[in-house]
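K.L.:
Kindly return the folded structure for what I paste below:
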Amino acid sequence: MTSRRPASSTPGRRGRPHLGDRVVVTAALTPSDLIVVDGIRGSLPRSTFINELLAEHVGRTDLLAGPIQLALVDATTPQRRGQLLAQVRTRPVDGRVLYATVRVHPDVHAEIERLRHDADLPQSTYTAEVVRERLGIAAPRPRAEGLPLAM
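P.N.:
Numbering: from 1, shown residues only. Okay, here's the model as predicted:
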């Protein structure tokens, strides 16, 4: 019978290196927002991409584990970005919100919490506004509910 060593001590272990402690935050993005995010991020995982946007926003890119992929945002050709934004503008606003899960460093989370309290916004709304601002996405228009009142 052979004994098995724990996976952590196995030489030649494959997979991603441990990034340290992370805190889960959410971003309340509309389907239109996700079209732009997914179009710019390419093959980079959505959580990693938004994590880098948030770390940049709070000025803590030093906490990112690997090479910074934010160059994808700036390297996206203006024509491609224009196509994505035009596609989004023509979509009807349906009021749906999808919550993207993002894993951030605890220091980034603490700064996001401080900033969102200052802005008096829920965390997922604040996070979504940061993403929209960085990618140049217009804030969703509030939906008019019901019919206007007759005078």
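
K.L.:
What is the least confident helix or strand in this structure?
P.N.:
Across the helices and strands of the chain, mean confidence by mean pLDDT, DSSP states H and E is lowest for helix 71-75: a mean of 66.

K.L.:
after it, next one along is what?
P.N.:
Going down the chain from helix 71-75, the next helix or strand is helix 78-89, by DSSP states H and E.

K.L.:
Please name every helix or strand in contact with that following helix.
P.N.:
Where contact means 3 or more C-beta pairs under 8 Å, 6 or more residues apart in numbering; DSSP states H and E, helix 78-89 is packed against helix 31-41. Every C-beta, even on glycine, is put in place using the N, C-alpha and C of the backbone.

K.L.:
Tell me what angle the helix it packs on forms with helix 78-89.
P.N.:
Counting by axes from the mean of the first three to the mean of the last three C-alpha atoms, to 10 degrees, helix 31-41 points 160 degrees away from the direction of helix 78-89.

K.L.:
pLDDT averaged over helix 31-41, what's the number?
P.N.:
Helix 31-41 comes out with an average pLDDT of 85.

K.L.:
tell me the contacts of residue 107?
P.N.:
Applying C-beta atoms under 8 Å, 6 or more residues apart in numbering to residue 107 gives the contacts 60, 63.

K.L.:
mind checking how far it is from residue 53?
P.N.:
Using C-beta to C-beta, to the nearest Å, residue 107 is found at 16 Å from residue 53.

K.L.:
And residue 125, by the same measure?
P.N.:
With distances taken as C-beta to C-beta, residue 125 is found 15 Å from residue 53.
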